[in-house]
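> got a predicted model here, sequence first, then my questions.
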Amino acid sequence: MCLAVPAQLVSCHGEEAVADMHGNRVRVSTLMTPDVGPGDWVLVHAGFAIQRLDAEQARATFAVIRDADARETG
Amino acid sequence: MNTRQGHVVLAHGGGGQMTDDLLRQAVLPRLGNAVLGELLDSGILPSVGQDKLALTIDGYVVQPWRFPGGDIGRLAVCGTVNDLAVCGAVPMGLALGLIISEGFAVEEIETILDSIARAADEAGVKVVTGDTKVVNRGNDQDIFVSTAGVGRVATGRRVSPDLVQPGDKILINGAIGEHGLTVMLAREMPEVHSRLTSDVAPLNGLIEHLMHVVPDVVFMRDPTRAGLAGVAVDLAERSGWRVTLEESAIPVRPVAEHAAEMLGLDVLEVANEGKVVIVVRPREAEHALTALRGHPLGRDAAVIGEIADVADGMCELRTSIGGRRVVQKPYGEQLPRIC
Amino acid sequence: MMGSGSDLCTSLSRLRVSAGSAGRELVFMEVCGTHTTSAFRSGLHSLMPDNVTLLSGPGCPVCVTAQGDIDLLIELAQQPQVTLCTYGDMLRVPGARGSLETARGHGASVRIVYGAMDALAFAEQHPDRQVVLASVGFETTAPGAAAAILTAQRRHVVNFTVLASHKRVVPAMLALLRAGEVRLDGFLCPGHVSVIIGSEVYRPIVEDHGLPCVVAGFEPVQMAAALAELTEQACGRRAELINQYIEAVTSTGNRTAQLLLDEVFEPAEVRWRGLGTIPESGLVIRNKYQAFDAQSRFNLAPAEDHEPRGCLCGQVITGKATPRDCKLFGTTCTPVHPIGPCMVSSEGTCQAWFKYRGAGTCPGRTARRGQEVRA
């Protein structure tokens, strides 16, 4: 019922952050995930970061994280 | 009436001195050529001898009119050139109709004309006649372009879904979805900053290059508004054969894949403006692929499917996990979703 | 990539082996439209054993929204001072008289937004407009609406309200089981709702109803693994609660989001399409935030309920009927001219059937599992 996508936070300003999904950047609210910081991977649903993801655990699941790795190393 | 300096007013479309001014100051310096410069009511083109003529027209209403990678001017040239090229025609000339809202900045008209000129140059085709009208309805950001094009088709050259046979291979010249996603983001979600740009490009050069190597291309179509899904389903219905697409072979760049995922869209159904779907006989597939990849607009070309020996007129996708499903034409423009 | 491919093969072979030994039909239900879409889009159904069926339950917020609530939205959008902000999902849902899209065509101010905060920002930029957020969705989306209301209060934004028709997923699952009209062998539980509410909330389904519950993500490989687990449990007559989406879901969920939700919303009896009214199954704005409730700001009468004649959406979302059982499906009700919400929503069961099984193109075919292409 709910579309949520993994994204990496590139910057955080108070209750807002900029989240990147492989070159697509969107402002998200971090009101539901107060402890996140730049570099963290989060799940984004309807403009909110709803969960911090453990990148190690999530890497196998989410293509976007592997693609990001590939972009950095390649 | 808006009489501000530097903005289009109704009189610019009235056929009088204001129209002449717009033509001489904005249009002719950018698009002028021997035929257009005659300023006749029609552009007179050279005779084509034994060749056949192809004639096409399309309307362009894209909003916003400017988007990453292009604008309505570039789109209006490329869309019409591509409609000619996929029929095997070599474009000879374009006719350009502008319908502009009162209040539209003249400077922006000039930007659009510049981009028309650049795209026409790239395509090696000239604008040979045109028309401008101004309307005072709607908002002052509206501009509509209609572009007709005429081209010559060499005798004996024919591309048609009727020629398609089981075993034929389906190719595409590069990654899909980028125009539609770019425009949707620009229109519906301007707060998203994406590296995506529209793929809008004139394909006549690529197609001529291909047909030089593989003269008997069976079928071509540019997957515009209804995306690759629309063309594949049309091909299946028109030919009567089953079209099988291989999901893992379809080129999609990660930036487009993840934008589509974020918006909840199926990238197969998203518009392209610089792509062509090509069907060739199986023995020609490798030649065609090499030819496409040898052109700047075909570097990411791939064989993405084939015509199956099943006469049910359906399109099937072999999914990347090894499953199968039906592909249908999208019903209208997709909307971003959160659910 | 190799890893996920071989995981998929492993899961599918586990699924086939255990389904083969089941000796009976197994019926599982997902309650999330994104699961519906993912299973169809990836062709997962075509890889499942013939005796395993995955039904789509009441998990598409567009589809479970009562018709009367949609009429209310359209009525509100037509008020001249109102700008209605909606998620793209709701734009084409037909009410008794047209949709938000047709209302927009007739001059109503309707904007598509990606999140609740975008609607709030629009309100701040347009103080002359009454900006209403049409907020549908389950517990994943509702905390966002709560956050927008709390932020509006803090910033004294007086022209922002929310028309909420939020729903809670577990009461609906329990109501479905209590009605007893659908025989199920287990639930594939929604991944992203569970991010917020935690996996423990499904415990009563496991303990009181003896049904396996597996929380899963949305990649086909995750869904296949969950189906394998459900099948193995069903074959072994076990019922356990398993969280297979540990990348994102914890047992207790996102506490911060829950606090936001509880601060602004309270559970209430609300009407679901097809399920009727269910106690505690909705989320309504608490009295202390009445100033941000569009229902009271615009003095809207409670929605009257009615459903399109002949439409089986209500039975489809409760698993009592498949789209093929509906006389309207693929004939008068198509994605181009949808009658029921399950055909409107791109994650609705009817649209998924129509689109990915090709029911519309070949109405004469009645293969048992629909119209998947099988060579």
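Sure thing, it's come through. Numbering: from 1, shown residues only, chains lettered A, B, ... in the order given.

> which strands or helices does the helix or strand containing C:Leu259 pack on?
C:Leu259 is located in helix C:255-264, with elements delineated by DSSP states H and E. On a contact count with 3 or more C-beta pairs under 8 Å, 6 or more residues apart in numbering or on different chains; DSSP states H and E, helix C:255-264 meets helix C:142-154, helix C:191-197. All C-beta spots, glycine's among them, are computed from the backbone N, C-alpha and C.

> cutoff 10 Å now
Applying 3 or more C-beta pairs under 10 Å, 6 or more residues apart in numbering or on different chains; DSSP states H and E, one finds that helix C:255-264 contacts strand A:48-53, helix C:142-154, strand C:160-167, helix C:191-197, strand C:276-285.

> pull out the buried positions in the last one.
Right, strand C:276-285. C:Ile278, C:Ser281, C:Gly282, C:Leu283, C:Val284, C:Ile285 (16 or more other C-beta atoms under 10 Å in any protein chain shown).

> could you list the buried residues of stretch B:176-195?
B:176-186, B:188-189, B:191-194.

> so which of these are also by chain A?
Under the cut-off given by C-beta under 10 Å from any C-beta of the partner chain, chain A has B:Leu181, B:Leu185, B:Met189, B:Glu191, B:Val192, B:His193, B:Ser194 from the buried residues of stretch B:176-195 close to it.

> can you tell me which of these are in strands?
B:His193, B:Ser194 (DSSP state E).

> want to throw the ones next to chain A among the buried residues of stretch B:176-195 into a markdown table with pLDDT and distance to C:Phe218?
Putting these into a markdown table (pLDDT from 0 to 100; distance: C-beta to C-beta, whole Å) gives the following:
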| residue | pLDDT | distance to C:Phe218 |
| --- | --- | --- |
| B:Leu181 | 96 | 20 |
| B:Leu185 | 92 | 22 |
| B:Met189 | 83 | 22 |
| B:Glu191 | 83 | 25 |
| B:Val192 | 89 | 21 |
| B:His193 | 92 | 25 |
| B:Ser194 | 94 | 22 |
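
> what two of the ones next to chain A among the buried residues of stretch B:176-195 have the greatest distance between them?
B:Leu181 and B:Glu191 (15.2 Å; C-beta to C-beta).

> residue contacts, the residue nearest to C:Arg238 when sequence neighbours are not counted?
Using C-beta to C-beta, 6 or more residues apart in numbering or on different chains and skipping residues adjacent in sequence, the residue nearest C:Arg238 is C:Pro212, 6.9 Å away. By C-beta atoms under 10 Å, 6 or more residues apart in numbering or on different chains, the contact set of C:Pro212 is C:28, C:184-189, C:202, C:205-206, C:226, C:229-234, C:236-242.

> out of these, which are buried?
Buried among those (16+ other C-beta under 10 Å): C:28, C:184-189, C:202, C:205-206, C:226, C:229-234, C:239, C:241-242.

> among these, name the ones in strands.
Per DSSP E, the buried ones among the contacts of C:Pro212 map to strands at C:Phe28, C:Gly186, C:Phe187, C:Leu188, C:Cys189, C:Leu241, C:Ile242.

> name the element C:Val131 belongs to?
Assigned by DSSP H and E, C:Val131 falls within strand C:130-137.

> might you enumerate the residues of chain B proximal to chain A?
Counting by C-beta under 10 Å from any C-beta, the residues of chain B near chain A are B:181, B:185, B:189, B:191-196, B:253-264, B:336-339.

> recalculate using a threshold of 6 Å.
By the rule C-beta under 6 Å from any C-beta of the partner chain, the part of chain B lying against chain A is B:192-195, B:254-255, B:258-259, B:261-262, B:264, B:338-339.

> and these, which two are the farthest apart?
B:Arg195 and B:Cys339 (26.3 Å).

> chain center to the helix ranked longest in chain C, what's the gap?
For chain C, the helix that runs over the most residues, judged by DSSP state H, is helix C:2-22. How far helix C:2-22 lies from its chain's middle: 27 Å, per C-alpha atoms, centre = their mean, to the nearest Å.

> pLDDT of it, averaged?
Helix C:2-22 carries an average pLDDT of 83.

> could I get the buried residue list for the longest strand seen in chain A?
The longest strand of chain A (DSSP E) is strand A:5-13. The neighbour-count check on strand A:5-13 (16+ other C-beta under 10 Å) flags A:Val5, A:Pro6, A:Ala7, A:Gln8, A:Leu9, A:Cys12 as buried.

> list the contacts of the lowest-mean-pLDDT helix or strand in chain A.
Lowest mean confidence among the helices and strands of chain A (mean pLDDT, DSSP states H and E): helix A:63-73, at a mean of 74. Residues from elsewhere that reach helix A:63-73 (C-beta atoms under 6 Å, 6 or more residues apart in numbering or on different chains): A:Pro6, A:Met21, A:His22, A:Ala58, A:Arg59, B:Pro254, B:His258.

> let's see it at 10 Å
A:5-8, A:20-24, A:41, A:53, A:55-56, A:58-60, A:62, B:253-255, B:257-258, B:261-262, C:1, C:3-4, C:219, C:247.

> I'd like to know which elements the helix or strand hosting B:Leu28 is packed against.
Here B:Leu28, judged by DSSP H and E, is contained in helix B:28-31. Contacts defined by 3+ C-beta pairs under 10 Å, 6+ apart place helix B:28-31 against helix B:34-37, helix B:106-123, strand B:126-135.

> export the longest one to PDB, keeping only CA atoms.
As requested, C-alpha coordinates have been extracted for helix B:106-123 and formatted as PDB (Å, rounded to 0.1, in the frame of the first residue of the first chain):
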ATOM      1  CA  VAL B 106       9.600  37.800 -26.900                       C
ATOM      2  CA  GLU B 107      13.000  36.900 -25.500                       C
ATOM      3  CA  GLU B 108      11.700  33.400 -24.800                       C
ATOM      4  CA  ILE B 109      10.200  33.100 -28.300                       C
ATOM      5  CA  GLU B 110      13.700  33.800 -29.500                       C
ATOM      6  CA  THR B 111      15.100  31.100 -27.200                       C
ATOM      7  CA  ILE B 112      12.600  28.700 -28.700                       C
ATOM      8  CA  LEU B 113      13.500  29.800 -32.300                       C
ATOM      9  CA  ASP B 114      17.200  29.400 -31.500                       C
ATOM     10  CA  SER B 115      16.500  25.900 -30.400                       C
ATOM     11  CA  ILE B 116      14.400  25.100 -33.400                       C
ATOM     12  CA  ALA B 117      17.300  26.400 -35.600                       C
ATOM     13  CA  ARG B 118      19.900  24.200 -33.800                       C
ATOM     14  CA  ALA B 119      17.700  21.100 -34.000                       C
ATOM     15  CA  ALA B 120      17.000  21.700 -37.600                       C
ATOM     16  CA  ASP B 121      20.700  22.100 -38.300                       C
ATOM     17  CA  GLU B 122      21.400  18.900 -36.400                       C
ATOM     18  CA  ALA B 123      18.800  17.100 -38.500                       C
END
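
> which secondary element of chain B has the worst mean pLDDT?
Min over SSEs of chain B, mean pLDDT, DSSP H and E: helix B:17-22 (a mean of 88).

> show me where pLDDT drops low in the chain?
As the question left the chain open, I've gone with chain A. For chain A, the stretches flagged by pLDDT under 70 are A:1, A:72-74.

> correction: the question concerned chain B.
Those would be B:1-5, B:138, if you go by pLDDT under 70 across chain B.

> and it, what are its domains?
Following automatic domain parsing, chain B resolves into domains at B:10-153, B:161-327.

> ranking those by mean neighbour count, which comes first?
Burial of the domains of chain B is given as mean neighbour count (mean count of other C-beta atoms under 10 Å in any protein chain shown); domain B:161-327 ranks first at a mean of 21.

> average pLDDT across the strand holding C:Val131?
On average, strand C:130-137 scores 96.

> pull the CA atoms of that strand into CSV?
This file holds the C-alpha atoms of strand C:130-137, laid out as CSV (Å, rounded to 0.1, in the frame of the first residue of the first chain):
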residue,chain,number,x,y,z
GLN,C,130,-7.6,27.7,1.8
VAL,C,131,-5.2,24.7,1.2
VAL,C,132,-6.6,21.3,2.0
LEU,C,133,-4.5,18.2,2.0
ALA,C,134,-6.5,15.1,1.0
SER,C,135,-4.8,12.6,3.1
VAL,C,136,-5.4,8.9,2.5
GLY,C,137,-3.3,5.9,3.4
